[in-house]
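# Need the 3D shape of this:
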Amino acid sequence: MSKVDFRGLGVALITPFKEDSSVDYEALSRLVQFHLESGTDYIVALGTTAETPTLSKEERADVVRFIVERVNGKIPVVIGIGGNNTADLVNDLKNTDFSGISAVLSVTPYYNKPTQEGLYQHYSTLSQASPLPVILYNVPGRTGVNMTAETTLRLARNCSNITAVKEASGDLGQIKAIIDGAPAGFHVISGDDAITTDVIALGGIGVISVFANAFPGEMAWLVKSALEGNAADARRKMNDDFETLFHLMFVEGNPAGVKGLLYLKGMVENRLRLPLLPVSEKTLQEIKKELARLA
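The predicted structure follows:
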């Protein structure tokens, strides 16, 4: 199986909902077209930002099929298949229609907090079952477990179709260790908008971004500039323009912040599914103020 080099900007696409909480496919179509026209290099569907745990299996399949049809091969599409029941995930990998899909993004098991050996065996099992390249996803702030550099590199060396890791540990020392020890063809993708330029400066290949849902052109510029060796300049400009907005995106959780931002830009309804809620009116007004400043 050939390696997939997801260099550049990926967007962790939201799932827009209508007022009745059903999936808003008109808004989803607009969002996909927005990314096709704005410099996004690939789309990640059914990630954390998509509120995937609140979607039924039927909705997940419908959303992916809809995105694939709208993208129509213009850019790669990655889908999230992750969880804390290895056997169920193997079944999903064996029975999913992967037409138009380039890779699988799989988050570390949450809640049950496996050991490093448990993480290794979990991903080894998924690797054997997956017909597509696998991108590991380490996000200890959500899952309660950190996958160490040693475990990530062991998987990279021993599983031929594990092609990359989306690293959202926030630990630049750990990220550097992965980059420095990575075998040929294995890459590190930032999972944190705020440290994207730092990760690229260490040798990372880009970001899977939340912020790019609303500002794909600006994030594409940031990533391109950093990949061309201008990380310091890119970081300075983005901090000047977007530091406050970056903070507001996550102060009340993801995707509440970015959905509030997209709502203010007139692109989606400000609707999430329980147990998540929209940001407070105070935060929404602060986001609105920042948007007015940037206009």
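# Give me the contact list for stretch 112-123.
With contact meaning C-beta atoms under 8 Å, 6 or more residues apart in numbering, stretch 112-123 is reached by 84, 86, 106, 108-109, 134, 136, 144-145, 147-148, 150-151, 154-155, 159, 162. Backbone N, C-alpha and C define where each C-beta goes, glycine included.
# Restricted to helices, list the residues you listed.
86, 150-151, 154-155 (DSSP state H).
# so which of those residues would you say is closest to Ile67?
The shortest approach to Ile67 among those belongs to Thr86, at 26.1 Å (C-beta to C-beta).
# List the residues that contact the closest one.
Thr86 neighbours (C-beta under 8 Å, 6+ apart): 109, 122, 125-126.
# Among these, which one sits closest to Ile67?
Among the contacts of Thr86, Leu126 lies closest to Ile67 (C-beta to C-beta), at 22.0 Å.
# Same question for the strand or helix carrying the closest one: list its buried residues.
Using DSSP states H and E, Leu126 falls within helix 116-129. By 16 or more other C-beta atoms under 10 Å, the buried positions in helix 116-129 come out as 118-120, 122-127, 129.
# again, but for stretch 92-112
For stretch 92-112, the neighbour count (16+ other C-beta under 10 Å) marks 92-93, 96, 98, 100-110 as buried.
# Which of the residues you listed sits closest to His187?
For these, the closest approach to His187 (C-beta to C-beta) belongs to Ala103, at 11.5 Å.
# Would you confirm that that closest one contacts Pro133?
Yes - the pair Ala103 / Pro133 is scored as a contact, 4.4 Å apart, by C-beta atoms under 8 Å.
# before we move on, back to that, are any of the contacts of stretch 112-123 buried, and which?
Buried among the contacts of stretch 112-123 by 16+ other C-beta under 10 Å: 84, 86, 106, 108-109, 134, 136, 145, 147-148, 151, 154-155, 159, 162.
# For the residue nearest to Gly260 when sequence neighbours are not counted, give its distance to Asn85.
For Gly260, ignoring the flanking residues on the chain, the nearest one in space by C-beta to C-beta, 6 or more residues apart in numbering is Val279 at 4.5 Å. From Val279 over to Asn85 the distance is 32 Å, taken as C-beta to C-beta, to the nearest Å.
# Which of those two has more residues huddled nearby?
Neighbours per residue (other C-beta atoms under 10 Å) separate Val279 from Asn85, with Val279 holding more: 24 against 12.
# Once you drop chain neighbours, what's closest to Leu172?
Asp198 is the one closest to Leu172 (C-beta to C-beta, 6+ apart), at 5.9 Å.
# That neighbour: which element?
Using DSSP H and E, Asp198 maps to helix 196-202.
# What number of residues are in the vicinity of the nearest residue to Ser38 once chain neighbours are set aside?
Nearest residue to Ser38, sequence neighbours excluded (C-beta to C-beta, 6+ apart): Pro216, at 4.0 Å. Pro216 has 22 neighbouring residues, counting by other C-beta under 10 Å.
# I am finished for the moment; much appreciated.
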